[in-house]
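J.: The following block contains a protein sequence and its predicted model.
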Amino acid sequence: RQAMAPNLPPEIILLIGKSLGQSHWKEGLAACGLTCRDWAKAIRPALFHKLTLRTPQHVSELLDLLQQPPVGSLSSLRPSLGDCVREVRYEIRENQVPPWIRINTLSRLVPQASIRLSVIGLNLGAVSLLKIFPKALPSSIFPFRLIHLRDAKIKDVKEFAPLLCNTAKLCEVWYEDLRI
């Protein structure tokens with residue numbers, strides 16, 4: 001005999017999931033999402049609403065998930081994973097060069113999502129900020145709505161002008177602890 005999960009409203013399922021994980025509430029939600037189809041359907045939007053990617057591998061893994069056709073019982077699960085994503089933050093640390101083409105592909109797969117770039121803890125005193133941004137690609141390759149510079153040392157404030165001009169969707173620029 002098969003046990004059935006109680007038919008609870010999605011709000012209650014989310015509260016259960018969040019209480020299981022406490023400080024790591026996404027882990028609790030993920031565990032609840034494995035309970036049954038109804039719970040997975042209720043939890044998916046909260047689990048994938050806001051994502052933070054820190055490495056090129058994270059971007060590749062997310063693209064693989066978004067581009068794979070759903071199989072088996074997941075094929076009819078709505079909303080789709082791509083429909084759930086509302087914000088993607090990509091963090092650049094330690095002079096890492098982001099996978100620009102893959103980030104652009106990601107922005108096309110989740111057009112409703114706000115794509116944000118965080119540049120954290122870089123010491124670019126002797127290097128141009130623009131070294132981490134490709135010059136040969138068109139401005140549409142930068143799908144960022146927000147750029148956040150934090151705890152960074154830059155060579156010159158004038159470096160911001162070309163960066164801002166080459167980001168067609170940019171709405172906000174934040175900076176904290178910026179040193180010249």
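T.: Perfect, I can see it now.

J.: where in this protein is pLDDT low?
T.: Judged by pLDDT under 70, the chain has its weakly predicted residues at 1-6, 18, 20-25, 70-78, 94-95, 122-142, 159-164, 166.

J.: the helices in it, which residues?
T.: Under the criterion DSSP state H, the chain carries helices at the ranges 10-21, 25-33, 37-48, 56-67, 81-84, 100-109, 160-165.

J.: got the buried residues for the fifth one?
T.: Within helix 81-84, the residues that qualify as buried by neighbour count (16 or more other C-beta atoms under 10 Å) are 81, 82, 84. For the C-beta atoms, the positions are set from N, CA and C on the backbone; glycine is no exception.

J.: do the third one as well
T.: When neighbours are counted by 16+ other C-beta under 10 Å, the buried residues of helix 37-48 are found to be 39, 40, 41, 42, 43, 44, 45, 46, 47, 48.

J.: ok, now the second one?
T.: Across helix 25-33, burial judged by 16+ other C-beta under 10 Å covers 25, 28, 29, 30, 32, 33.

J.: Can you add distance to residue 179 and give those back as JSON lines?
T.: Formatted as JSON lines, the buried residues of helix 25-33 follow (distance: C-beta to C-beta, whole Å):
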{"residue": "25", "distance to residue 179": "35"}
{"residue": "28", "distance to residue 179": "40"}
{"residue": "29", "distance to residue 179": "39"}
{"residue": "30", "distance to residue 179": "39"}
{"residue": "32", "distance to residue 179": "44"}
{"residue": "33", "distance to residue 179": "43"}
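
J.: Among the residues you listed, which one sits closest to residue 147?
T.: Of all the buried residues of helix 25-33, the one sitting nearest residue 147 is residue 25; the distance, using C-beta to C-beta, is 27.7 Å.

J.: Determine which of the helices of the chain approaches residue 90 most closely.
T.: Nearest of the helices of the chain to residue 90, taken as C-beta to C-beta: helix 100-109 at 6.1 Å.

J.: From the contact counts, what lies against the closest one?
T.: helix 56-67, strand 87-93, strand 114-120 (3 or more C-beta pairs under 8 Å, 6 or more residues apart in numbering; DSSP states H and E).
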